[in-house]
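K.L.:
Need coordinates for the below:
(chains A, B, C and D)
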There are 2 protein chains.
Amino acid sequence: MSKLRSAPTLDDVARKAGVSTATVSRCLNAPDRVVEATRKRVMSAVDTLGYTPNFAARVMAAKRSFTIGAIIPTMENAIFARGLQAFQEELHQRGYTLLVSSSAYRPEVEEEQIRTLVARGADGLLLIGHDRDPKIYDYLERQKVPAMVAWSYIPNARAPSIGFDNRQAMQALADRVIGLGHTRIAMISGFSQGNDRARLRIEGVRDALRRGGLQPDALTVVETSYEVESGADAFAQLMSQNPRTTAILCGNDVLAAGALRQAQNMGMRVPENVSITGFDDIELAQIVSPALTTVHVPHREMGGKAALELVEMVEKSIPGSTIRLQTDIVERHSLGPANKS
Amino acid sequence: MSKLRSAPTLDDVARKAGVSTATVSRCLNAPDRVVEATRKRVMSAVDTLGYTPNFAARVMAAKRSFTIGAIIPTMENAIFARGLQAFQEELHQRGYTLLVSSSAYRPEVEEEQIRTLVARGADGLLLIGHDRDPKIYDYLERQKVPAMVAWSYIPNARAPSIGFDNRQAMQALADRVIGLGHTRIAMISGFSQGNDRARLRIEGVRDALRRGGLQPDALTVVETSYEVESGADAFAQLMSQNPRTTAILCGNDVLAAGALRQAQNMGMRVPENVSITGFDDIELAQIVSPALTTVHVPHREMGGKAALELVEMVEKSIPGSTIRLQTDIVERHSLGPANKS
DNA sequence: TTGTAAGCGTTATCAG
DNA sequence: CTGATAACGCTTACAA
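P.N.:
Numbering: from 1, shown residues only, chains lettered A, B, ... in the order given. Below is the predicted model:
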């Protein structure tokens, strides 16, 4: 009693090839465990029928989904795009499929999505940054779903991570700014609450201030959402608070692009009147003019290695190691010497 | 014989609440079909156990996955990001999860991903643009997986679509350019092969040329990949071919941003020496300077309505209707009157 | 309103 | 090397 025009099943293939379903299954999953002759017969049945295995059934039976989930804070700008693309390419090569969802920087949303992904049988998870309710790590451990953190390097954290030292990277950039003679410095950051990357970058600036003999506490930081518009607003606010500011360090390139636009709208020249720096080195950094001096992050390398590492964790049930990547400063044209006014 | 520390199942909940698995299932899927008292008991069992339904099992049994798949050409720039975000938000509200994958503008990859998504039990699919092997539509029909096309409006196509008339939209912009006195016009487009949006936009420019009494065949079009860098290269090429060109229409904002940068690198002023226009009105368009005159596309509206329509198609098994959205020209500063040199 | 039990399409264990 | 057959966890007629 053939179901009408429904997708062919293992059974259909088995019947057509005159073998058992077990054999068909083997042909697909362990081809070497079946003789050439039958394998051929089965394979031809497979594609004359246009058979595709039913995913849900496979997951249920095998208790593996060959699926990796990733939850990123946002898809609305390119910050995570390139790294994720590399991540997905690497996974694909290894036979895994990537499921992406975005949390809009909301911890509750992220938590819900983690649970959803786990319920869907994700074999492993990629998370951005370390900051989250410890319960989540407990949950993941109980469920035995390995997770890898990216975009942040923190050794001995709850989860292994691949990334760079946000604090040190930002400090290096701030050192440079200070070295150029800037003393009246301000910062535009993303919200640091629950965001270790943002928090550490602020700390990095303070470190540099301290090293440069300046008052770290005097640093004015405006925290805002990661949008161009917000960067623009923050810039205006900072400038009205202290018009003599000569350098504004931004938590990322998106914010910097906004600050830059606002500076120009206010009739200021960059970097002659005010210097602006970014972070991430996304494409945007090269598009604005003047192009942004920023911190280059090896996004593709990070994504690719994250995939490799996570797959290892999944397949060998090992803890996973923490990997540190280097960043470097790319000098373009938005940072110049302090204007001795 | 309790499996050690494995995720709790329906059975565990049923036992704990002293009811049958059927009842628990009902509590979760049709709460009104069970009396308040038992429902409460069940629900409390559910969350003391921290129960989450097993997705694969649910899909197998219900033959529904509450999952919608979307395949977009790229995640590397923001073209599809905003629309997709709206799409996902709307789906989420209706209890669906979105699975995204990107095909890197490669038809074979797209086809494979469509099959993967279907095998995973996607209840419906969102595809970008109409151009693809007709076999794919046949396949989708056989599998009874409804698909909706976005970013392009073409009535009576194989699949219902939501989008705008790419040809007419580009024509309107080109009309404006011509109205400003430009006659030596060139175009930078994405590859038009297998990309109806790109192809129709080129046609739109030709239409405008024709209406303006100019030679449509004389239009030089450079086709390239949708990257800033490519836009820059194309601009250089176009200018060396015909240095007297006064306006360059670009297939999208990314290309336009590249062209703009290249123009400036070559020491040309925009729009005084050459006008450049974009398409899409992504954030980028406002960030570059001069800001791009471009075609505004209602991305969020498109994404939101696509979700609504697709869910309807899935739930009511109806064909789905084709919806046309309006675009409009947003005038910023990259387009000016023709320079009568 | 609730329970019983038959699938759903694979994989995996055991025999043969 | 291949074939039966028992799970896997849930939904859903059908009965009670």
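K.L.:
any idea how far the residue nearest the centre of chain A lies from DNA strand C?
P.N.:
The residue lying closest to the centre of chain A (Cα atoms, centre = their mean) is A:Phe80, at 4.6 Å. To DNA strand C, A:Phe80 is 32 Å away according to Cβ to the nearest atom of the strand, to the nearest Å. The C-beta positions use only the backbone N, C-alpha and C, and glycine is treated the same way.
K.L.:
Work out for me the element A:Ser152 sits within.
P.N.:
Counting by DSSP states H and E, no helix or strand carries A:Ser152.
K.L.:
Quick check on it: phi, psi?
P.N.:
Note on A:Ser152: its backbone torsions stand at phi -160, psi 140 [degrees, to the nearest 10].
K.L.:
Equivalent analysis for the one 10 residues further on, please.
P.N.:
Taking degrees, to the nearest 10, you get phi -130, psi 130 for the backbone angles of A:Ile162.
K.L.:
so it makes contact with A:Glu312?
P.N.:
No - using Cβ atoms under 8 Å, A:Ile162 is not in contact with A:Glu312; the gap is 11.9 Å.
K.L.:
If you count surrounding residues, which of those two has more?
P.N.:
Taking neighbours as other Cβ atoms under 10 Å in any protein chain shown, A:Ile162 and A:Glu312 compare with A:Ile162 leading, 28 against 18.
K.L.:
Could you tell me which residues make contact with the nearest residue to that one once chain neighbours are set aside?
P.N.:
If the residues on either side of it in the chain are set aside, A:Ile162 comes closest to A:Ile323, at 4.3 Å by Cβ to Cβ, 6 or more residues apart in numbering or on different chains. By Cβ atoms under 8 Å, 6 or more residues apart in numbering or on different chains, A:Ile323 lies in contact with A:Tyr153, A:Ser161, A:Ile162, A:Gly163, A:Lys305, A:Glu309.
K.L.:
Buried among these? Make that a ChimeraX selection.
P.N.:
Of these, the buried ones go into a single ChimeraX selection, burial set by 16 or more other Cβ atoms under 10 Å in any protein chain shown:
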select /A:153,161,162,163,305,309
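K.L.:
Can you tell me which of the contacts of A:Ile323 is nearest DNA strand D?
P.N.:
Of all these, A:Glu309 has the smallest distance to DNA strand D: 27.7 Å, by Cβ to the nearest atom of the strand.
K.L.:
my read: the closest one touches A:Thr322, true?
P.N.:
No - using Cβ under 8 Å, A:Glu309 makes no contact with A:Thr322, being 9.2 Å away.
K.L.:
Which neighbours do the two have in common?
P.N.:
In contact with both A:Glu309 and A:Thr322: A:Pro160, A:Ile162, using Cβ under 8 Å, 6+ apart.
K.L.:
Let me see the ranges of the helices in chain A.
P.N.:
Secondary structure of chain A by DSSP state H: the helices cover A:10-17, A:21-29, A:36-49, A:55-62, A:81-93, A:107-119, A:134-143, A:166-179, A:196-211, A:228-241, A:253-265, A:284-287, A:299-316.
K.L.:
count of neighbours near whichever residue of the stretch 51-200 of chain A sits closest to DNA strand D?
P.N.:
Nearest to DNA strand D, among the residues of the stretch 51-200 of chain A, is A:Met60, at 3.5 Å (Cβ to the nearest atom of the strand). Neighbourhood size, A:Met60 [other Cβ under 10 Å]: 18.
K.L.:
contacting residues around it?
P.N.:
Neighbour list for A:Met60: B:Asn54, B:Ala56, B:Ala57, B:Met60 [criterion: Cβ under 8 Å, 6+ apart].
K.L.:
A:Leu209 now?
P.N.:
Neighbour list for A:Leu209: A:Ala174, A:Ile178, A:Ile185, A:Gln215, A:Pro216, A:Ala218, A:Leu219 [criterion: Cβ under 8 Å, 6+ apart].
K.L.:
hang on, the first one packs against A:Arg210?
P.N.:
No - assessed by Cβ under 8 Å, A:Ala174 is found out of contact with A:Arg210, at 10.2 Å.
K.L.:
of these two, who's got more company?
P.N.:
A:Ala174 (27 against 13).
K.L.:
List the contacts of A:Met268.
P.N.:
If you count contacts by Cβ under 8 Å, 6+ apart, then A:Met268 has A:Val274 around it.
K.L.:
Now it. Its backbone dihedrals?
P.N.:
According to degrees, to the nearest 10, A:Met268 has phi -90, psi 150.
K.L.:
Also the one 5 residues further on?
P.N.:
Backbone dihedrals for A:Asn273, given as degrees, to the nearest 10, come out at phi -90, psi -30.
K.L.:
Pull up the residues of the stretch 1-150 of chain A that are close to chain B.
P.N.:
Neighbours of chain B within the stretch 1-150 of chain A, by Cβ under 8 Å from any Cβ of the partner chain: A:5, A:7, A:50, A:52-57, A:59-60, A:65, A:75-78, A:81-82, A:84-85, A:88, A:97-102, A:115-116, A:118-121, A:142-143.
K.L.:
Buried only: go through the residues you listed for me.
P.N.:
Applying 16+ other Cβ under 10 Å to the residues of the stretch 1-150 of chain A next to chain B, the neighbour count classes A:7, A:52-57, A:59-60, A:65, A:75-78, A:81-82, A:84-85, A:88, A:97-102, A:115-116, A:118-121, A:143 as buried.
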